[in-house]
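A.B. asks: Predicted model and sequence follow; I will ask about them next.
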Amino acid sequence: MSRPRLAVLGSGRGSNFVALQTAILEHRLDAEIVFVASDLPDAAILTRAAEFGLPHLTLPPSPFKTKLSPEGELALVAYLQQHEVEWVVLAGYMRVVKPPLLDAFPNRIVNIHPSLLPAFKGLRAWEQALAAGVTETGCTVHYVNAEIDGGAIIAQERVPVLTGDNSETLHARIQEAEHRLYPAALERLFTSGIQA
């Protein structure tokens, strides 16, 4: 059986992408990252992709802050299909995924979110957790659908909120959990063939 062909979309530093590619190179994740794309031309994830020797591209500029233009999303879909991508993996991708991409890859788009969904959806979830005074948060791998952070849950890992935690310390521990959980969850998903 051929290895699943992945495209990674990201907007930031790319630490979850690095965790995935490292897991692939260490044979903990049986998959292939076909290319990495970002909505931001100066995103560090593109530099990290180049360091791994992976193809990478910047998505077309959008007039909208939170989503690609319809034309840009259609162009991304065409590029994904041209490169025979099977799964779209979001790694710190700060755009809302819209119907052209959702329709082209039903139950084939996954994301990792820094909370125990359904709690603390949206931006800066670790700060939401601190403000709420919870004693535990974590991270969630989930399918992507039309509702922000609302798709079916694939896997979760719990992270305690420690006395004296601030935004930076809590976020750092959640990211450590993300780097463990994302490759492991995808490996189980690809091996089992479970769909949402």
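C.D. replies: Everything's here; your move.
A.B. asks: Map the structural domains onto the sequence of this structure.
C.D. replies: The chain breaks down by automatic domain parsing into domains covering 1-105, 112-196.
A.B. asks: Tabulate these in TSV, adding columns for mean pLDDT and mean neighbour count.
C.D. replies: Glycine gets a C-beta too; all of them are placed from N, C-alpha and C. TSV is the format used below for the domains of the chain (pLDDT from 0 to 100; neighbours: other C-beta atoms under 10 Å):
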stretch	mean pLDDT	mean neighbour count
domain 1-105	95	17
domain 112-196	95	17
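A.B. asks: pretty sure Val89 is in a strand, no?
C.D. replies: Yes: per DSSP: H, G, I helix; E, B strand; the rest coil, Val89 lies within a strand segment.
A.B. asks: how close does it get to Leu170?
C.D. replies: Val89 sits 24 Å away from Leu170, going by C-beta to C-beta, to the nearest Å.
A.B. asks: how near is the nearest residue to Lys67 once chain neighbours are set aside to Glu32?
C.D. replies: What sits nearest to Lys67 in space, not counting adjacent residues and going by C-beta to C-beta, 6 or more residues apart in numbering, is Val96, at 4.6 Å. Per C-beta to C-beta, Val96 is found 27 Å from Glu32.
A.B. asks: List the contacts of stretch 51-69.
C.D. replies: Contact partners of stretch 51-69, identified using C-beta atoms under 8 Å, 6 or more residues apart in numbering, comprise 21, 33-41, 45-46, 49-50, 71-73, 75-76, 79, 94-96, 98.
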